[in-house]
Structures are given as structure tokens and as C-alpha cells.
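Engineer: here's a sequence, model it:
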Amino acid sequence: MPALPKKKLVPLVAAAAVLITLLIGGIFWWQNKQRWEATENAYVQADTVVVSPQVTGYVAEVLVADNQRVAPGQELVRLDPAEAQAAFLQAQANVAAAEAAVRNVDDRAALGQAQIAQAAAGVTSAQAQAQAATTDLDRYGKLASSGWVSPQRLQNVRAQAAESRAGVAEAAAALEAQRRQVGALGSTRQQAIAQLEQARAALETARINLARTIIRAPVGGVIGARSVRPGQYVRPGGALLSVVPLGRTYIVANFKETQVGRMRIGQRVQIHADAFPGQTFVGRVESFAPATGSEFAMIPVENDTGNFTKITQRVPVRIALEPGSPLAAALRPGLSVAVKVDLKSGGGVNFAQAGQVAADSRLAQVGVTR
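Structural biologist: Predicted coordinates:
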């Protein structure tokens, strides 16, 4: 067979080399596509806490600086406590007055019991006098029938007996009145106790408001977005500063809806941050968002119009950094990263099963079984 001319051999060799290169590249691309799902639409996030006052007042002192690391419970800002302190002292005085009112009712009740005992003794004395008067009336009546006592004397004895019986009724009435008065003190005491509890609640509220003049760090982290200054008048709910819990950051990667089908919770993730070239962070798929990112937008997309264009949606996937990673604390919220999910690294519940688990949990709450 005659050899091909050199001019024809070179293009054939070049074409064969290109074909082999494309074939090898295609094999590697296919294997990479089968093993990895990647996206650059990913960012570092953290559960940043915005610190706000719970009471109104003027800022007396700011105890932290920008980018300062703080511990949980550390004092951040102090408000002028003058008004809160005055309200606390007034509440204390109100509690003391309410306690004195309860003691006054108790003292009146004790005095009323003594008066009841005295009135009861008066009833007994009046009954004894009435009995004696009745006995004298019987005796004088017999003597008067025999002529030994004058009619005038008998009339006097009868008057004394009637007066003694009236004295018994009066003493009994006084005893009943005293008992009713002491009984009425029971409701008065309940009212005084209710006022005491109200005063104590107001004292506790004043104590809390006084304690809230010192604003403390709710979590440990680094101070950011500090806008508070001494002398500033603040109101409840107004943002003073933020505490970013560095070291507890996580990644939110927005994968296309065509990429999440083979993802599973627990799969290994390689993370590359633009801020740290050449460094590789390791994480795990932690959870899938319950809806696409467009559903949580401030202005949701309306697809019921006639000019509909299909756009591939993205599903936020939360990725947790491996605990104990020496570089985890270096990641700052807001940094952009590129992530690659290793689909061959096992894992547990996949994207479809995660939705099914949520649905089964909802059915279990309402008492429905499949």
C-alpha cells in the first residue's frame, strides 16, 4: 500500500489527536458531571443578631467599639437610669403602702374579734340580768297577791324585767353587728391583697425596666453596624448595633432546580472562597429550602400574564461547615463562595424525600395516617 503523502498525513494525525482529546475530555466531563453538582451562586451567612433597646432613654455610655469581639451577656450600652430608678423607688413605696394596708386590715380584724368577745360577754351579762329580773317579778307577783307588796312596787319590778329583756335584745343586736363588721373585713382584706399583688407586679416591671437600661450581648460574636452614640435618644425596637457570631457561619448555595434531584442531606461539599484562593473548606449538605428563592422575594414573580417566559428556578441549599475546621471562623457573612457537592459521598434523605418527610410530619400533627 503506498504511503500517504506528508501533506495528507499531517491533517489526519491532527484530526485524530483532536478526536482523542475530545473523547478523553468528554469522558472526564461525563464522570465529573455524574459525581459533582456545582454552583458559584453561593454566599456565607450567619444568624446575625440586631441589638435593640427595650426601653426609651438617652444613651449614657457605649462600652464597645466597631469589630470588637464580645462574650454572651457582656455589657454593650448603658442608658441613663434616672427615670427608671425613680419609677423603681416609687414602685417600692407603693408595695410598702399596700403591705401596710393589709396589716391595717389584719389589725382591724383582730380588734373586731376582741370586740365580738366583749359583745358576747355583754349578751351573757344581759341574759343573767334578765333572768334575775324575771325571778324577782315572779316573787313580787306572789307577794303582791297576798298583799305584802304594794302595786307600785310590783310595777317597778315589771319595768325592770322589761328593761332587762330589752337589754338582752340590744346586746344580741350589738354582737350581730360586730360579727357582720368583722365579716366585711374579709372582702376588704382580699381587696387589699389584690392591690398588694398589683403593686408587686408594678415593682417587678420597674425592676425589669431598670435592668434593661443596661443592654447586653445576647450572643457571643463580633460587633458590626454600630450606629449608637452617647447622648442619643433611643426607643424600643431601634437598631443600635449587630452581633455577628463568627465561627457559626454556614453556606447558602442556590442550585438550579435541575441540579437538586440527586442531592442528599449529609453529602460532602467542597467550598472555595474568593477571599481565600487556594484554600478548600469542607462542609455537608444540611437541609433544603421549602421553596425556591423567588417565592421569598419582596415582589413575587407573577406568571399568570400572557408574556410568560420559563426561567430555571433556584433552590437554596443550606451547607454546614465541618465542626472544628480551622478556617471556619475566617469566613465572614456575605462572602461569595463556589461549592461542589460530591454526589457519590452517600448521605441520607434526598430532595424529594425531604418534602415527603415534611408532609408526613404535617399529617401526623393533624392525626391523619397514610
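Engineer: which stretches in the stretch 201-350 of the chain count as strands?
Structural biologist: 214-216, 221-224, 233-234, 241-244, 250-256, 268-273, 281-288, 314-321, 336-342 (DSSP state E, counting those that start in this stretch).
Engineer: export those to CSV and tack on mean pLDDT, distance to residue 350 and mean neighbour count?
Structural biologist: C-beta here means a position set from N, CA and C on the backbone, and glycine is covered the same way. Formatted as CSV, those follow (pLDDT from 0 to 100; distance: least, Cβ to Cβ, whole Å; neighbours: other Cβ atoms under 10 Å):
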stretch, mean pLDDT, distance to residue 350, mean neighbour count
strand 214-216, 96, 43, 18
strand 221-224, 93, 34, 19
strand 233-234, 96, 48, 15
strand 241-244, 94, 33, 22
strand 250-256, 93, 13, 20
strand 268-273, 92, 15, 20
strand 281-288, 91, 9, 20
strand 314-321, 92, 12, 20
strand 336-342, 93, 12, 19
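Engineer: so which of these is nearest residue 208?
Structural biologist: Comparison of those against residue 208 by Cβ to Cβ identifies strand 214-216 as nearest, at 11.6 Å.
Engineer: contact partners of the closest one?
Structural biologist: 51, 53, 73-79, 240 (Cβ atoms under 8 Å, 6 or more residues apart in numbering).
Engineer: can we see that at 6 Å?
Structural biologist: Outside strand 214-216, the residues within contact range by Cβ atoms under 6 Å, 6 or more residues apart in numbering are 73, 75-78.
Engineer: wait, residue 129 sits on residue 164?
Structural biologist: Yes - counting by Cβ atoms under 6 Å, residue 129 does reach residue 164; the two are 4.7 Å apart.
Engineer: CA atoms of stretch 338-353 as PDB?
Structural biologist: Once non-C-alpha atoms are left out, stretch 338-353 reads as follows in PDB (Å, rounded to 0.1, in the frame of the first residue of the first chain):
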ATOM      1  CA  ALA A 338     -18.200  28.300  45.000                       C
ATOM      2  CA  VAL A 339     -19.400  24.900  46.100                       C
ATOM      3  CA  LYS A 340     -19.200  21.400  44.700                       C
ATOM      4  CA  VAL A 341     -21.400  18.700  46.100                       C
ATOM      5  CA  ASP A 342     -20.000  15.200  46.000                       C
ATOM      6  CA  LEU A 343     -23.000  13.100  44.800                       C
ATOM      7  CA  LYS A 344     -21.000   9.800  45.500                       C
ATOM      8  CA  SER A 345     -20.400  10.600  49.100                       C
ATOM      9  CA  GLY A 346     -23.500   8.900  50.500                       C
ATOM     10  CA  GLY A 347     -25.900  10.900  52.500                       C
ATOM     11  CA  GLY A 348     -29.400  10.400  53.800                       C
ATOM     12  CA  VAL A 349     -32.700  11.900  52.800                       C
ATOM     13  CA  ASN A 350     -32.800  13.300  49.200                       C
ATOM     14  CA  PHE A 351     -34.600  16.400  47.900                       C
ATOM     15  CA  ALA A 352     -37.800  14.600  47.100                       C
ATOM     16  CA  GLN A 353     -37.900  12.600  50.400                       C
END
